[in-house]
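**Student:** just coords:
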């Protein structure tokens, strides 16, 4: 490889007492010679084992060939390890000219990963004759996991069976195959498993394991799953246990186990259902069933009744209170079950009939301006002892309405509902209406009176009726004020709308209410975004008779004056061009503002901002791209605007 030296000249041009001083230097870069290649080679220049499961040991073959005209001795082999080994070569190995020798590379990873190495074949001087890059991708072998990891069936009655589901999952990184299962233990069986079964990494399958005890005793067993993953064999054992139980005596289980009938109106009844189930191991005969406690009774149960194992019978339990107050009792079931007699608690309360009241009993809205509205709240309460269902609420009078009352609605004892009544007169004068509420209460319908008076709407005036902003520089703003005045009656101004975004309203917070004769001011600001005449309309929405009240406005946007700064200087001998620098700070730092070398001794800066002071310096550049120091500083004050 050739060697190069690059000399880069550095130049510094400065003005010292009118003379140019040129400083030069040289930096060097050099490279070295590369080594030549050997004529001893391997048949396969690299080996890649691909994906290999941890625990397996695949091999690949290769050969080393002496392509030289003289013999070569291979004394050592380095670079092995990382799970890679070389076999088949006896060292030292002498290869005659043209001779080759086969060898084997074995990959036996002990952990997951992507190991790589370079196997080097070296001569007697430990110099590498030829290299062989080797790589592989070691992944964990497939691993069968069971959920649950063991199964305990507990106590199972002899003559019956108890199945359970076991999930088999491949938690490894390679596919695995379940080849065979071996079952041990009396009373245990497996099903729903077709073999062989292959599970990819992350896949799962289910198998059913059943315990059917042949006798009253404890039993243990196991299921052994024989698996294979990338030639790695493993057995996974699922341990099983269970106990055979003798047939149990019949037992009655109630659903529900107690009754709470709640509040029931005197003279009415509440009926609920009861179910009895034989959860024992033999049949049960029910001989008697009786309810105790005032107001409680049963129906629909024919006795005697015999229930087989797991059989049920249903009947009704009824509460019919004859007087107000809490009541308790019990339902007693007599049978030949192990838990006879079975007692089921009963409770309830007799209550008086419901009654609906209104608060307030009437609503007076007073005076409301025509075009406006007023809301009042009304509350209905069930003051009785039983529930009341509201079915309808009928309202007469066009100026009145209600909201927030969703029917039908059921109120329990002492429960209330509050809703909104609204008076919105469309004409002046007195108005009245009646709200009639229909319900299941004895005092239905309940009537609530509404009354109110409509007043004529006021007037809203805006002064001046138009705003003329005249000429305004684009980007600057000009404010003008206006006044809103109410007359005749109070006026509520709810919102405003401006038709042109160059005009902005401020100084007033809406909504606002003005009494008759009251005024409020506001400000409109014109900020033109482009040159030219424009106009807008400002509209105030209110409950006044003349709503909306509008104000017109006009204005003209004018362009701002664009300033420039002209610079000239005395030409410099041997200069091919000049660079111009600018700063907003006296003495710098300066920023170059010309995009290319300026060939004249004059420059016009078109990027100045009104009202800003700038400081300029100039440098000279010769034909060798050498740049002088800064010239004397020149100051320019840009007027505003």
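**Tutor:** Everything's here; your move. Note that the structure is predicted; figures quoted are calculated from it, not measured.
**Student:** Nearest residue to residue 198 in space, please, no chain neighbours.
**Tutor:** Spatial nearest neighbour of residue 198, chain neighbours left out: residue 177 (4.7 Å); criterion: CB to CB, 6 or more residues apart in numbering. Backbone N, C-alpha and C define where each C-beta goes, glycine included.
**Student:** Tell me which stretches of the chain form helices.
**Tutor:** With helices called from DSSP state H, the chain shows none.
**Student:** can you list the weak-confidence ranges in it?
**Tutor:** For the chain, applying pLDDT under 70 flags the ranges 1-38, 231, 641.
**Student:** Show me the domain layout of the chain.
**Tutor:** If you go by automatic domain parsing, the domain ranges for the chain are 40-139, 144-245, 252-351, 356-455, 459-558, 565-637.
**Student:** tell me which residues in stretch 160-169 are buried?
**Tutor:** Of all the residues in stretch 160-169, those buried under the rule 16 or more other CB atoms under 10 Å are 162, 166, 168-169.
**Student:** Any buried residues in stretch 171-188, and which?
**Tutor:** Result for stretch 171-188 [16+ other CB under 10 Å]: buried residues 172-178, 185, 187-188.
**Student:** what sits opposite residue 551 in the beta ladder?
**Tutor:** residue 538 (DSSP bridges).
**Student:** quick one: contacts for it?
**Tutor:** 462, 464-467, 482, 537-538 (CB atoms under 8 Å, 6 or more residues apart in numbering).
**Student:** show me the contacts for the residue nearest to the spatial centre of the chain.
**Tutor:** Residue closest to the mean C-alpha point of the chain, counted by CA atoms, centre = their mean, is residue 202 at 26.4 Å. Residues near residue 202 by CB under 8 Å, 6+ apart: 169-170.
**Student:** separation between residue 104 and residue 118?
**Tutor:** Distance of residue 104 to residue 118, given as CB to CB, to the nearest Å: 17 Å.
**Student:** ugh, wrong one, residue 324
**Tutor:** 99 Å.
**Student:** and if you look at residue 527?
**Tutor:** Where residue 118 is concerned, residue 527 sits at a distance of 73 Å (CB to CB).
**Student:** you'd agree the residue nearest to residue 198 is up against residue 203?
**Tutor:** No: here residue 177 lies out of contact with residue 203, judged by CB atoms under 8 Å, at a distance of 11.5 Å.
**Student:** which residues does the closest residue to residue 386 other than its chain neighbours contact?
**Tutor:** In space, and not counting its chain neighbours, residue 386 is closest to residue 265: 3.7 Å by CB to CB, 6+ apart. Residues near residue 265 by CB under 8 Å, 6+ apart: 321, 350-354, 385-387.
**Student:** what do you get for residue 236?
**Tutor:** Counting by CB under 8 Å, 6+ apart, residue 236 has contacts 144-146, 224-225, 227.
**Student:** got the residues you listed as a markdown table, with neighbour count columns?
**Tutor:** Shown next, in a markdown table, are the contacts of residue 236 (neighbours: other CB atoms under 10 Å):
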| residue | neighbour count |
| --- | --- |
| 144 | 20 |
| 145 | 13 |
| 146 | 18 |
| 224 | 13 |
| 225 | 24 |
| 227 | 24 |
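**Student:** Among the residues you listed, which pair sits farthest apart?
**Tutor:** Using CB to CB, the pair of the contacts of residue 236 lying farthest apart is 145 and 224, separated by 14.8 Å.
**Student:** For beta bridges, what are the partners of the residue nearest to residue 386?
**Tutor:** Beta-bridge pairing of residue 265 under DSSP bridges involves residue 351.
**Student:** for residue 604, same thing?
**Tutor:** Bridge pairing for residue 604 - DSSP bridges - gives residue 566.
**Student:** dump the residue contacts of it.
**Tutor:** 564-567.
**Student:** And residue 163, by the same measure?
**Tutor:** By CB under 8 Å, 6+ apart, the neighbours of residue 163 are 208-211.
**Student:** so which two of those are the farthest from each other?
**Tutor:** Using CB to CB, the two most remote members of these are 208 and 211, lying 11.0 Å apart.
**Student:** Can you pick out the residue with more neighbours from the two?
**Tutor:** Applying other CB atoms under 10 Å to residue 208 and residue 211 shows that residue 211 carries more neighbours, namely 26 against 13.
**Student:** Kindly point out which residues are neighbours of both of residue 208 and residue 211.
**Tutor:** With CB under 8 Å, 6+ apart, residue 208 and residue 211 have common neighbours 163-164.
**Student:** And residue 87, how close does it get to residue 456?
**Tutor:** Residue 87 is 113 Å from residue 456, by CB to CB.
**Student:** quick one, which of the two is more surrounded?
**Tutor:** Taking residue 87 and residue 456 together and counting by other CB under 10 Å, residue 456 has the greater number of neighbours (15 against 9).
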